[in-house]
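*Asks:* build the 3D model from these lines:
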Amino acid sequence: MPVYPFKARLHRERGGGIFRLVLRRDGTVSAIEVMRSTGIKELDVAAARALIQWRFTRPPNEFKAVRVPVKFHDEKPHHRRHHFG
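*Replies:* Predicted structure coming up:
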C-alpha cells in the first residue's frame, strides 16, 4: 500500500489516479504507466514507489498488465486491482 507523503498529508492534498503495471513472467512489476494522474506529483511518485514493489502470484500467461486505481485521502490510500491483457 502506498505511503501517504507527510507533506501532502500536512497540506491536506488529496487525489486519485490510475496506474498500469506491466508484469514480468515471475509476477514482478517491470514498468509503471500513469494512466490518470492524481493531480499531485508527490502522490504519483508515492504510488509508483509502492506499486513497483508488488509481486503477483498468478501465472503470467493469464495477464501481462494490471490497472490499479489508487486514492489518497484522509489517512490511508485505497486501491483496487483490475486485470487486463
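*Asks:* going by C-alpha atoms from here, please, whenever you check contacts or count neighbours.
*Replies:* Noted.
*Asks:* ok, Gly17 touching Lys71?
*Replies:* Yes - using Cα atoms under 8 Å, Gly17 makes contact with Lys71 at a distance of 6.4 Å.
*Asks:* now do the shared contacts for those two.
*Replies:* Thr38 (Cα atoms under 8 Å, 6 or more residues apart in numbering).
*Asks:* mind listing what's buried in the longest helix seen in the chain?
*Replies:* As assigned by DSSP state H, the longest helix anywhere in the chain is helix 41-51. For helix 41-51, the neighbour count (16 or more other Cα atoms under 10 Å) marks Leu43, Asp44, Ala47, Ala48, Leu51 as buried.
*Asks:* quick one: the second one and Thr38 touch, right?
*Replies:* It stands for Asp44. Yes - counting by Cα under 8 Å, Thr38 is a contact partner of Asp44 at 6.1 Å.
*Asks:* what's near enough to touch the closest residue to Gly15 other than its chain neighbours?
*Replies:* Excluding its sequence neighbours, the residue lying closest to Gly15 (Cα to Cα, 6 or more residues apart in numbering) is Thr38, at 4.6 Å. By Cα under 8 Å, 6+ apart, the contact set of Thr38 is Arg14, Gly15, Gly16, Gly17, Ile18, Asp44, Lys71.
*Asks:* how about low-confidence regions in the chain?
*Replies:* When residues are selected by pLDDT under 70, those of the chain lie in 59-61, 74-85.
*Asks:* rerun at 50
*Replies:* 77 (pLDDT under 50).
*Asks:* for it, what spans make up the strands?
*Replies:* 15-23, 29-36, 65-73, 76-79, 82-84 (DSSP state E).
*Asks:* dump those into a markdown table; add distance to Pro2 as well.
*Replies:* Listed next are the strands of the chain as a markdown table, based on distance: least, Cα to Cα, whole Å:
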| stretch | distance to Pro2 |
| --- | --- |
| strand 15-23 | 12 |
| strand 29-36 | 14 |
| strand 65-73 | 8 |
| strand 76-79 | 6 |
| strand 82-84 | 17 |
